[in-house]
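# Kindly return the folded structure for what I paste below:
(2 chains)
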2 protein chains.
Amino acid sequence: MAYHKPEAKTVQDLKDMAHKLRIHSINATEASKSGHPTSCSSLAEIMSVLFFQQMRLNMKHPRDPSSDRLVLSKGHAGPILYAAWAEAGLFPVEELKNLRKIDSDLEGHPTPRLNFIDVGTGSLGQGVAMGAGMAYVGKNYDKADYRTYVIVGDGESAEGSIWESLHFASHYELDNLCVIFDVNRLGQSEPTSLQHRMDVYRERLEAFGFNALVVDGHDVEELCKAFHCASVTKNKPTAIIAKTLKGKDFPDIEDMDNWHGKALGAKAACVIKSLQSQIVNPNVKLTPKKMCKGSLAPEVDITNIKLCAPPNYKLGDKVPTRLAYGTALAKVAADNDRVIALDGDTKNSTYSDRLRNAYPERYIECFIAEQNLVGVAIGATCRRRTVAFVSTFATFFTRAFDQIRMGAISQTNVNFVGSHCGCSIGEDGPSQMGLEDIAMFRSIPGSTVFYPSDAVSTERAVELAANTKGICFIRTSRPETCVIYNNDDTFAIGRGRVVRQKPSDEVLLIGAGITLDECISAAEQLEKECITARVLDPFTVKPLDVELIVEQGKQCGGRVVVVEDHYQQGGLGEAVLSALAEHRNFVVKHLYVPTVPRSGPPAVLVDMYGISARHIVAAVNAIIKK
Amino acid sequence: MAYHKPEAKTVQDLKDMAHKLRIHSINATEASKSGHPTSCSSLAEIMSVLFFQQMRLNMKHPRDPSSDRLVLSKGHAGPILYAAWAEAGLFPVEELKNLRKIDSDLEGHPTPRLNFIDVGTGSLGQGVAMGAGMAYVGKNYDKADYRTYVIVGDGESAEGSIWESLHFASHYELDNLCVIFDVNRLGQSEPTSLQHRMDVYRERLEAFGFNALVVDGHDVEELCKAFHCASVTKNKPTAIIAKTLKGKDFPDIEDMDNWHGKALGAKAACVIKSLQSQIVNPNVKLTPKKMCKGSLAPEVDITNIKLCAPPNYKLGDKVPTRLAYGTALAKVAADNDRVIALDGDTKNSTYSDRLRNAYPERYIECFIAEQNLVGVAIGATCRRRTVAFVSTFATFFTRAFDQIRMGAISQTNVNFVGSHCGCSIGEDGPSQMGLEDIAMFRSIPGSTVFYPSDAVSTERAVELAANTKGICFIRTSRPETCVIYNNDDTFAIGRGRVVRQKPSDEVLLIGAGITLDECISAAEQLEKECITARVLDPFTVKPLDVELIVEQGKQCGGRVVVVEDHYQQGGLGEAVLSALAEHRNFVVKHLYVPTVPRSGPPAVLVDMYGISARHIVAAVNAIIKK
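Coordinates of the predicted model:
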């Protein structure tokens, strides 16, 4: 593919279009009286060239699986992205003035409420990971010609997550990925630390394995050439490092401090007039390129995924739920070849290696970089290309809380599986113990939180998660727990199970994972003291089976003991309390890990931190009088 | 300072010591039947040279403010760090065999329960940030000669947080910082992505502004020379990139896969024998260098910090609590010159710029890199050198949840201040809204969570936080709220205040921030309907004033309505439910943001998501019959 310079007319049209996009950005932010017109302006030529010279789009179906992807990592420049889609004909330009209005999906930062947005952005530094996930799928699974573009602000390039993702992209030779750095020199509150040191950006990007091209980001011709170079560079992703000016071509504002995140107000009219004067053809009309005729993305069906074989355990077997996860993961992968797994160098602990052993090409090793791990998974699942299971130690997902939070805004369906929950992991100590993971995943809007207690229910949790919209989290345990369900028992989201009961029950015990085992053994001990206790397995902590808990709790005199290998806040205990909030006449005793644990044998820790059978018995004895 | 090669005897002694440290690591992990002896072995010569040739320590007081700092970022190599301190004479070598035992502080990963550890490590990729914080303080505030060393594993160098911190260190020219990369080629589950590509490490570190030295990490002489070079290099931090072998000198184990995180078991005896055979002087005894006679760290007093002037508002004034934060921050900084502020390029939104304007040298701009921001603050407060306030948008602290979690394990006293909480920020949209921040900070063991509702109580929250142990979080709001307290009102942690009451009250309303204003207006409206409602301001969500809530709730017929600009899970509502868990006869209605919000005007959003006065009135009407 030799490079042909664009015609002079094309160049002028692209320049005119850039100014039009600037004007739209100003008008939109004037209408909303807020927003980031100067952050849009630095991007104007880049957007113009991307949309009207470079990207291949299907305007009838913006999320066509075969069309190019664009992630605006610097989401605050949303208005110019919206303007480009409007100029490309997706919706009327007049709608741009509804920016940030309550009844418009043209929000302050882009979200997939818009049919042309794949992922929500606005929390900085996340776009490259998501773009890399898309590119990985394009290159390795779809084996299609579509390309992925990510626009990164220079301010956000200080985020380490960006560098995790750049490394990932070059390690996996994602030559279908092009990352554009909009180096406009100014951050929100002061200049960026690197300002216009283009040499430093280039050195860093080259060292991170990129084909790194420094260009004048306001020169349409240079941009066209750089994008061409990106498209013909093999085995390496390309970074286009664009030297730009914030507020470019806004008189008295360009390249000046204190203009971040502000509508231009009184200056708007004069700036627009100046921009208009630079436009040669005010009626310029351009259309994006059509999609390649080359390799299209295949049709895929990711619905109705099943375990290829039912669970196969014996009642009373001792199996860690993390191992049952690995087994089930390989089974759903056998059923559907779009099931993939990603892990951060813990695959032999989480047992995601079970999928890798069976289908090596469907396992993506993300090494020790959890933010990128999560972002890649979100990208990989976009446009319903894959069903992704992401695993690491439960507590290490705290590293990617922001990415997971943005995942909900992105309407992602990624499944997270966190092993090594609680103090019951033992000797490795508190840094490795997941004790806040339920709190974190419960706080994610629309999430489903599975906390299976045995191998059978774990396998079913995996099967359910594969088919469930929104973010799913499955919490698995390191120690063995007893198989308590039959292989043909059925499970559903939001449906708990009573695992031990008598009509005489005076208290309801609720536990999950290792604490369900503790509840059962407490109930056995209590029976010797002539107290009978009912035991309930919630299966999902969110949604919780409120009806079952209320009904069973009432039958037990309103006395409930909840026990969990988690801190007090936001876990199973508070979920139960929320379920009972509007019911009078309940009394709940909550046993939880009360402080930072230490290293020691699992059983010793479980007892030391007050969540063993012995403590449950004591709690029951205390509550029975209430 | 010219470099003098160490004597041949010194070199041999250091080699012998390295082998002794290896043997200790094996014996300790054999005794605990778990741990990471191979990850220790790659570090043996580095540890030997650091402790017995390089670092200046005070063995009587390991946390002497003037002594050198060492952060073992790859915390799983704890046993060899413990061994080095034992060989240096801090405690008997025999104690090493208590590794990971329940009654020993020699935990699986280092924590400050040990008097020679400054920060907990074990969640990877966090050590450089903390080391950079220590070095920043050493260079800029203490102006002392102590140096800071950080040991990073090659696996964890994939963490983006590392690269945030490397950039920070070079940007601020921290030439008193030396980062050692232990490039042992092997991760937990497979080789690292860069294996032994030392050239790539060097290029990346040079591009990130480091004096980058590649050495044979098992060559004592090369290490001595590199450390010397580090100590004389000005205006640049140094990276010593050590090529090493995992399990070095362990026959049949060295440089082999599948030996991560395992005691050697049956192979231990044979490995130890082989190591012993390489030791020339089995009785080698070395001592660390004493502290410099040069510039010592000054004595500082960070106790009893006060606002230099009391709050100065008028009842009924409208002031955003984020602005009151900035005002108070400058006031505590005026009182004590060790109060510092750190921010991630949001200082003009959080109002931390108020400190910067008054005391520019005490403000540390961390740019858009929240993980490093938090880590630097944790490092900066070590050894009680500073009182740090870290601010950004509340939701962006999710980016550093893992660092904050590890902060609790590190026993840090850092104060976090999150602005822009809730949907009430308005048009910027959900990516910028803190709706899970209370859940996150409540889950941190030992934390204090302030949620002040007006300017007066915000100023007092800042004053209290400055003097409170453990992690503090202050949640501030973007919109204006009414000043409801007198300037001389007093506030205490765990003490709420009833802000409106009558003997006839039939329901207790609990709100904070903007929802306290909504509660007050709901109470006014309800009064017209002849329902009187009591209104309670919790001031701190954690600890919550349980006694007050129970007492006031009972007086209101056990009817409680909690309203918060936060998701359902883990916030104020569930905190109240936890407080009431063991009390029968309460009924709680909880109003919260139920889903991902959208862009729109603040008041419209507050109403749309069900937390406005109108919804509180409706909730009261529903609950009043219960």
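# rest of the way, CA atoms for contacts and neighbours
Noted.
# Now tell me what touches stretch A:309-321 from outside.
Residues outside stretch A:309-321 that contact it (C-alpha atoms under 8 Å, 6 or more residues apart in numbering or on different chains): A:331, A:452-456, A:458-459, A:476-488.
# what's the burial count for A:R534?
25 (other C-alpha atoms under 10 Å in any protein chain shown).
# A:R598 - nearest residue in space that isn't next to it in sequence?
Leaving aside its chain neighbours, A:R598 sits nearest to A:G429 (5.2 Å; criterion: C-alpha to C-alpha, 6 or more residues apart in numbering or on different chains).
# who touches the one you found in this structure?
With C-alpha under 8 Å, 6+ apart, A:G429 has these contacts: A:423, A:597-600, B:107-109.
# if you set the cut-off to 7 Å instead, what comes out?
Neighbouring residues of A:G429 by C-alpha atoms under 7 Å, 6 or more residues apart in numbering or on different chains: A:598-599, B:107-109.
# Which of the contacts of stretch A:309-321 fall in strands?
Using DSSP state E, the members of the contacts of stretch A:309-321 that fall in strands are A:480-482.
# Show me which of those residues is closest to chain B.
A:E480 (17.7 Å; C-alpha to the nearest C-alpha).
# Now do the same for the nearest residue to the closest one once chain neighbours are set aside: its pLDDT.
Counting by C-alpha to C-alpha, 6+ apart, A:E480 lies nearest to A:P320, which is 3.9 Å off, once chain neighbours are set aside. In this model, A:P320 is scored at 98, pLDDT.
# now do A:M1
63.
# Next, see if the helix or strand hosting A:H167 gets close to chain B.
Secondary structure assignment for A:H167, by DSSP states H and E: helix A:160-171. Yes: under the criterion of C-alpha under 7 Å from any C-alpha of the partner chain, chain B is reached by helix A:160-171 at A:160-161, A:163-164.
# Of the residues you listed, which is the nearest to A:A31?
Nearest to A:A31, judged by C-alpha to C-alpha, of the residues of helix A:160-171 next to chain B is A:S161 at 34.0 Å.
# ok, the closest one - contacts?
Counted by C-alpha under 7 Å, 6+ apart, A:S161 has contacts A:125-126, A:371-372, B:160.
# Let me have these in CSV, adding distance to A:F91 as columns.
Output for the contacts of A:S161, formatted as CSV (distance: C-alpha to C-alpha, whole Å):
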residue, distance to A:F91
A:G125, 29
A:Q126, 27
A:Q371, 34
A:N372, 33
B:G160, 39
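# taking those one by one, which sit in helices?
Within the contacts of A:S161, residues falling in helices by DSSP state H are A:371-372, B:160.
# Of these, which is the most crowded?
Top of the ones in helices among the contacts of A:S161 by neighbour count (other C-alpha under 10 Å): A:N372, with 35 neighbours.
# what ranges do the strands span in the stretch 501-626 of chain A?
Under the criterion DSSP state E, counting those that start in this stretch, strands of the stretch 501-626 of chain A are mapped to A:507-510, A:533-537, A:540-542, A:559-563, A:587-591.
# A:H61: which of those is closest?
The nearest among the strands of the stretch 501-626 of chain A, by C-alpha to C-alpha, is strand A:540-542 at 34.5 Å.
# Now do the SS call for A:L213.
Counting by DSSP: H, G, I helix; E, B strand; the rest coil, the backbone at A:L213 sits in strand.
# Near the residue nearest to it when sequence neighbours are not counted, how many residues? Count them for me, please.
Distances taken as C-alpha to C-alpha, 6+ apart place A:I240 nearest to A:L213, at 4.9 Å, with adjacent residues excluded. Counted with other C-alpha under 10 Å, residues neighbouring A:I240 total 26.
# Spell out which residues of the stretch 451-600 of chain A are next to chain B.
A:567, A:569-570, A:574, A:577-578, A:581-589, A:595-596, A:599-600.
# Who is the closest residue to A:H583 other than its chain neighbours paired with across the strands?
The shortest distance from A:H583 to any non-neighbouring residue, by C-alpha to C-alpha, 6+ apart, is to B:V587 (5.8 Å). For B:V587, the beta-bridge partners are B:R559 (DSSP bridges).
# how about B:V587, what does it touch?
So B:V587 contacts A:581-584, B:558-560 (C-alpha under 7 Å, 6+ apart).
# thinking again about what came up before, quick check: bridge partners of the residue nearest to A:L213?
The partner residues for A:I240, given DSSP bridges, come to A:I180, A:L213.
# ok, it - contacts?
A:179-181, A:212-215, A:226.
# can you check A:G344 too?
A:365-370, A:373, A:392.
# count of neighbours near A:T490?
Neighbours around A:T490, by other C-alpha under 10 Å: 11.
# Kindly report the same for A:V280.
13.
# so who does it touch?
Taking C-alpha under 7 Å, 6+ apart as the test, what A:V280 contacts is A:D16.
# Give me the secondary structure label for it.
A:V280 is classified as coil under three-state DSSP.
# Which per-residue confidence value corresponds to it?
Confidence score, pLDDT, at A:V280: 98.
# Quick check: the gap between it and B:T148.
60 Å (C-alpha to C-alpha, to the nearest Å).
# again, but for A:D142
Counting by C-alpha to C-alpha, the gap from A:D142 to B:T148 is 49 Å.
# The two: which has the busier surroundings?
Neighbours were counted for A:D142 and for B:T148 using other C-alpha under 10 Å; B:T148 has more, 26 against 23.
# tell me the phi and psi of that one?
phi -120, psi 130 (degrees, to the nearest 10).
# from the stretch 101-250 of chain A, which residue is nearest to chain B?
A:G160 (3.7 Å).
# so who does that residue touch?
B:160-161, B:163-164, B:369.
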